[in-house]
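Participant: Sequence plus predicted model, see below.
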Amino acid sequence: MHSWLPPHVPVLSGSAPVLNLYDTADDQVKPVVIPQGDAELGMYVCGITPYDSTHLGHAATYLTFDLIHRYLVSSGVKVHYVQNITDVDDPLFERAQRDGVDWRELGTDQINLFRSDMEALKVIPPRDYVGAVESIPEVIEMVQRLLDKGAAYQLHDDYPDIYADHTFTTQFGYESRYDEPTMAELFAERGGDPQRPGKKHPLDALLWRAYREGEPAWDSPFGPGRPGWHIECSAIANNRLGTPFAIQGGGSDLRFPHHEFSAAHAEAATDATRMAEHYVHTGMIGLDGTKMSKSLGNLVFVHKLTQAGHEPSAIRLGVYASHYRSDRDWSDAVLAEAESRLALWRCAYNTLTQREDSADSTIMIDQLRAFIADDLNTPAALHHVDAWANRVLTGGEAGVASDVAMALDALLGIQLDSVTEEAQEASAAESGCAQT
């Protein structure tokens, strides 16, 4: 499956600080180990289930991992980025039935919209963008491997589903660090089936769902059916990045059960002790104080924001105004503040281009990189650029405009130049900055 057109990400000169990220499994901020020589750094981020449009909760997650991707690429690191699409799953079937459309058609429409949203936001696309349907042969192979090793078992009733024995890997639970009662509660809330008769343990996760009438199914050595949720990501990641790889990412709601079981499946299949060196999770996005979710219907859609004339750079700044690990709010006020900030930065950039400034930009850019390297401290990074802009507008030394613009583009995906005349005029009006 194809992804979307990549933005240009400049490689910045100078030495970049080591990127440090919080790892959920180890409960600490620790350095990302950069491969040596021609080796690539593997990053896997869980993708969408395409039954609805891209909302700000999705966007905040992918913009967070775009920060990581940009930081590494702009520092000259080779990144192998993989993302899946869960294009065969119950929510997709249910929405398609509700709307009276074929589930494949609904999935295709929403995947196309997701691509256009990501391209508009200047998110670097994954090299491998893999649908669950595409990955079914890989899933079958991994399920068979787990059966052969005794890490999985098949039920013997009307629906011979296959489950993973979660006790097979002694390290199970290390990724989320939850106790068993918490796991049991979250498993039931987030797609698990603890009450399924015949399972060895309520926490065992579905690997292969045997055929039910009216559902799509694919042939396999263990009977027709379709993949479980967690094994999909496990197979896709392991087959493209190997186990272990550097960064596994997603929203905090994936910490358990999805990432715990994805890791357990890969580790059982490969005898590894960890699937990833870093497990990185983003906080949830709320709308006016309430968690944004499809079930509540309180969603802000990316394409509707851009259709209303809000610039992708402003949307990025609104998301980056708070730290990625915090549960945070989105509102009209957040967007308005982001648009004012973008106007301020453009005003400073346009002002600086009109005068000679012999100051070196290196100190300003190095500090910007240092804030991002410190577990993506975007609030501090944005305030740092605010200070630069105010320094420009009060006549202080501020460096070379083109160097700063290139750094903001490379690191944050923010464009100060190469915008439309209408956008420049809007920025000028917003900030009161005179244009020449």
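Facilitator: Thanks, I have it.
Participant: Tell me who's in contact with Arg325.
Facilitator: Neighbouring residues of Arg325 by Cβ atoms under 8 Å, 6 or more residues apart in numbering: 22, 252, 281-283, 375. Quick note: C-beta positions are derived from backbone N, CA and C, even for glycine.
Participant: From those, which land in strands?
Facilitator: In this view, these that belong to strands under DSSP state E are 22, 281-282.
Participant: can I get those residues in CSV with neighbour count, distance to Pro137 and pLDDT?
Facilitator: Below are the ones in strands among the contacts of Arg325 laid out as CSV (neighbours: other Cβ atoms under 10 Å; distance: Cβ to Cβ, whole Å; pLDDT from 0 to 100):
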residue, neighbour count, distance to Pro137, pLDDT
Tyr22, 17, 35, 98
His281, 21, 30, 98
Thr282, 27, 31, 98
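Participant: ranges for the strands of the stretch 101-250 of the chain?
Facilitator: All strands of the stretch 101-250 of the chain, identified by DSSP state E, counting those that start in this stretch, fall at 128-131, 152-154, 162-164, 206-210, 225-227, 245-251.
Participant: now those strands in CSV, with mean neighbour count, distance to Val385 and mean pLDDT?
Facilitator: Listed next are the strands of the stretch 101-250 of the chain as CSV, based on neighbours: other Cβ atoms under 10 Å; distance: least, Cβ to Cβ, whole Å; pLDDT from 0 to 100:
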stretch, mean neighbour count, distance to Val385, mean pLDDT
strand 128-131, 20, 32, 97
strand 152-154, 20, 51, 98
strand 162-164, 25, 47, 98
strand 206-210, 24, 47, 98
strand 225-227, 25, 44, 97
strand 245-251, 24, 25, 98
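Participant: Ok, which of the ones you listed comes nearest Met364?
Facilitator: Met364 lies closest, by Cβ to Cβ, to one member of the strands of the stretch 101-250 of the chain: strand 245-251, at 27.9 Å.
Participant: Tell me the strands beside the closest one, with direction?
Facilitator: The pairing partners recorded for strand 245-251 under DSSP bridges are strand 41-45 (parallel), strand 276-282 (parallel).
Participant: Could you dump these into JSON lines and include distance to Ser402?
Facilitator: Below are the strands paired with strand 245-251 laid out as JSON lines (distance: least, Cβ to Cβ, whole Å):
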{"stretch": "strand 41-45", "distance to Ser402": "29"}
{"stretch": "strand 276-282", "distance to Ser402": "32"}
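Participant: Out of the ones you listed, which is closest to Val400?
Facilitator: Closest approach to Val400 among the strands paired with strand 245-251 (Cβ to Cβ): strand 41-45, 30.3 Å.
Participant: out of everything not next to it in sequence, what's closest to Leu72?
Facilitator: Distances taken as Cβ to Cβ, 6 or more residues apart in numbering place Val79 nearest to Leu72, at 5.2 Å, with adjacent residues excluded.
Participant: Give me the below-cutoff pLDDT ranges for the protein.
Facilitator: Scanning the chain with the threshold set as pLDDT under 70 gives 293-295, 356-358, 418-436.
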